[in-house]
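1. Sequence and predicted model, in that order:
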Amino acid sequence: MGSSTATPVEATLSTAGSTAWFSPAAGRMFNAWVLAGSWSGSLYLEKSPDGGTSAVPIVVGDFQLYVATRIGVTPVEEHESGVLWRWTAASGFSGSATVRISQ
């Protein structure tokens, strides 16, 4: 596969909130990293099908996917063109976490 032109998103979250949106190339794996930090609370991936107007967590049944509580990397694949992704620190988040999404 060729190289990606997707621009990585990296940020340090220190309160509840979100990173900028990441736009992956459709049909290719990308990595959602939690690189460093010490925090209390949850980080999770959200996606948007409408250019960032709406943001939803990834849920299967009653189970929310892509929730990070420690440093690590999650490989993800998006098959639909134009869908955006971002990291979000949930309400009640404290401390700091450095996150990155890249392809």
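-> Nice, I can see it.

2. Can you tell me the strand partners of the strand ranked longest in the chain and which way each runs?
-> Longest strand in the chain, counting residues (DSSP state E): strand 28-40. Sheet partners assigned to strand 28-40 using DSSP bridges are listed as strand 72-78 (antiparallel), strand 94-102 (antiparallel).

3. Any buried residues in the longest one, and which?
-> So that's strand 94-102. Residues 97, 99, 100, 101, 102 are the ones in strand 94-102 that count as buried (16 or more other C-beta atoms under 10 Å). Bear in mind the C-beta positions are built from the backbone N, C-alpha and C, glycine included.

4. My guess is the third one contacts residue 30. True?
-> This points to residue 100. No - using C-beta atoms under 8 Å, residue 100 makes no contact with residue 30, being 10.3 Å away.

5. Quick one: mean pLDDT over the longest strand of the chain.
-> Averaged over strand 28-40, pLDDT sits at 96.

6. Beyond that strand, next helix or strand please.
-> For strand 28-40, the succeeding helix or strand toward the C-terminus, using DSSP states H and E, is strand 43-48.

7. Would you tell me what the next helix or strand after that following strand is?
-> Next in sequence after strand 43-48, counting helices and strands by DSSP H and E, comes strand 56-57.
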